[in-house]
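Enquirer: What follows is a predicted structure for the sequence shown.
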Amino acid sequence: MATSNAHDLDCLTIAELEKLAAERMDKQTRDYYNEGADHGSTLAENMSAYQKYRIRPRVLRDVSSVNTSVSIFDYTNSIPLGVAPTAMQGLAHPDGELATARACKNTGIVMGLSSFSTTSLEDVKGALGPGHPAALQLYLFEEREESKRLIQRAKKAGYKAVFLTVDTPVLGRRNLEIRNQFKLPKHLKVANFNRDEDAHHSADSKEDKKKPDEETGANQSRKRTQDSDSKRTPPKGPITFHTHAPNPTLVWERDIAWLKEICHPEMQVWVKGIATAEDALLACHHGVDGIVVSNHGGRQLNGALATIDALPEVVEAVRSQSKKIPVHVDGGIRHGTDVFKALALGADFVWVGRPVLWGLAYKGQEGVELCLKLLSDEVRLCMGLAGVTKVEDIGKEYLVKLDRSGFMSRL
Ligand SMILES: Cc1cc2nc3c(=O)[nH]c(=O)nc-3n(C[C@H](O)[C@H](O)[C@H](O)COP(=O)(O)O)c2cc1C
Ligand SMILES: CC(C)CC(=O)C(=O)O
């Protein structure tokens with residue numbers, strides 16, 4: 001993405017974008033998008049943990065030409081950053097995921113699409129165009145046939161990868177969502193499921209196919225979480241995120257093998273939601289194609305470590321393996337310097353969630369483009385000021401870490 005001098009003078013930072021978006025969203029949407037699980041300490045720490053690192057800039061290095069691009073899925077992405085999959089973007093703007101897709105296309109940035117999008121995966125891919133890469137985030141349902149159909153549709157539409165979300169065996173406790181009795185408004189639907197075309201495949205009763213009621217779903221989900229294992233039954237009825245996204249039965253051995261069988265060779269299989277070296281090694285052992293270090297933007301296990309703190313052990317574990325797979329990270333990235341720090345700590349690429357939703361709520365496609373442009377300009381500026389002209393040259397020699405007493409150490 002080329003740096004341009006045209007600025008939106010109302011919005012020069014992601015922090016300003018957050019404020020502008022907050023004024024434009026209704027309470028239910030704002031709370032759903034912005035909250036973290038429980039007390040929100042992991043959500044806050046995802047951001048604040050970046051402040052433990054400072055950049056060691058180098059000078060007199062001819063930074064007249066800075067190349068911020070990286071290759072992902074055989075595509076030249078304009079910056080080492082992608083749009084993380086976030087559910088139900090129709091809540092932010094009537095154009096929803098289509099606006100995000102068009103913005104990704106215009107800025108040369110890969111898009112992650114949530115299974116629980118309010119636009120179908122085919123329409124989103126159509127808006128991105130044939131040469132533009134996308135990854136489908138997957139919640140692997142207990143009803144395997146439903147997931148299989150979704151994967152096959154993604155393959156047909158040209159998605160490059162599925163990102164299996166592994167941090168959601170049960171849904172984290174989001175108190176505002178509970179208090180607001182979150183409901184998808186009637187004019188929106190989870191567009192990849194409960195479609196007429198799916199009806200002939202489904203064994204559900206007629207009664208089960210009535211419009212999803214997310215409030216009832218939330219109650220069902222809470223009830224299922226509280227039930228003991230012996231009483232737990234697979235979800236029945238229409239597919240809603242409260243009932244179907246959490247799947248407590250998933251395990252490495254059976255499910256990764258199943259997924260690879262269905263996806264390969266056309267689509268890669270990644271795991272999203274890794275936070276430890278042990279699980280990174282298991283991911284390598286089970287032959288996944290890539291890892292996203294993530295805690296779901298602090299929306300699942302509150303008290304879990306910040307993703308930038310989990311990243312080094314995951315990178316070290318993956319580097320100890322003979323077959324290297326890419327390690328990406330998301331969570332708390334709000335500035336180009338955060339992107340630089342994550343790359344310096346060994347990430348190959350980063351993904352951003354909420355800032356994109358704020359852009360969408362602010363001005364639809366234009367707002368998402370603004371968000372991506374702000375981050376892009378900041379990455380370029382940071383690289384130039386740190387004395388780095390290529391992304392692959394960003395390494396740990398550019399960072400120091402501050403301990404609690406303010407003592408700085410080289411990495
Ligand atoms: C409103 C919202 C919805 C999300 N929906 C999904 C989802 O459907 N699937 C998923 O794997 N992650 C989902 N995520 C998590 C993001 O993919 C990503 O991990 C997280 O937003 C990164 O943190 P950040 O928002 O601080 O950038 C969602 C996050 C938010 C904020
Ligand atoms: C479909 C959902 C579970 C969406 C989600 O991942 C989230 O709200 O964090």
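Expert: Looks like it came in fine. Ligands and ions are numbered 1, 2, ... in the order given.

Enquirer: Which residues of the protein lie near ligand 2?
Expert: Proximity of the chain to ligand 2, by Cβ under 6 Å from any ligand atom, involves residues 87, 116, 241, 245, 296, 299. Glycine gets a C-beta too; all of them are placed from N, C-alpha and C.

Enquirer: when you check the residues you listed against the helices, which ones overlap?
Expert: Using DSSP state H, the members of the residues of the chain next to ligand 2 that fall within helices are residue 241.

Enquirer: Mind putting the residues of the chain next to ligand 2 into CSV with neighbour count?
Expert: Formatted as CSV, the residues of the chain next to ligand 2 follow (neighbours: other Cβ atoms under 10 Å):
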residue, neighbour count
87, 22
116, 22
241, 24
245, 22
296, 24
299, 24
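
Enquirer: which of the residues of the chain next to ligand 2 come close to ligand 1?
Expert: Among these, ligand 1 is touched by 87, 116, 296, 299 when using Cβ under 6 Å from any ligand atom.

Enquirer: Can you classify the closest residue to residue 36 other than its chain neighbours by secondary structure?
Expert: In space, residue 36 comes closest to residue 43 once its chain neighbours are excluded; the distance is 2.8 Å by Cβ to Cβ, 6 or more residues apart in numbering. Secondary structure for residue 43, judged by DSSP: H, G, I helix; E, B strand; the rest coil, is helix.

Enquirer: wait, isn't residue 43 in contact with residue 49?
Expert: No. Residue 43 lies out of contact with residue 49 (Cβ atoms under 8 Å); the separation is 11.3 Å.

Enquirer: related to what we said a few turns ago, can you tell me which of the ones next to ligand 1 among the residues of the chain next to ligand 2 lies closest to ligand 1?
Expert: Comparing those against ligand 1 with Cβ to the nearest ligand atom places residue 87 closest, at 3.6 Å.

Enquirer: Now do the contacts for that closest one.
Expert: The contact partners of residue 87, by Cβ atoms under 8 Å, 6 or more residues apart in numbering, come to 114, 115, 116, 117, 241.

Enquirer: mind running it again at 6 Å?
Expert: By Cβ atoms under 6 Å, 6 or more residues apart in numbering, the contact set of residue 87 is 114, 116.

Enquirer: Next, work out how far apart it and residue 337 are.
Expert: As judged by Cβ to Cβ, to the nearest Å, residue 87 and residue 337 stand 28 Å apart.

Enquirer: Could you do residue 366 as well?
Expert: Distance, residue 366 to residue 337, by Cβ to Cβ: 25 Å.

Enquirer: burial count for the closest residue to residue 86 other than its chain neighbours?
Expert: In this structure, residue 86 finds its nearest non-sequential neighbour in residue 353, 5.1 Å apart by Cβ to Cβ, 6+ apart. Per other Cβ atoms under 10 Å, the neighbour tally for residue 353 reads 21.
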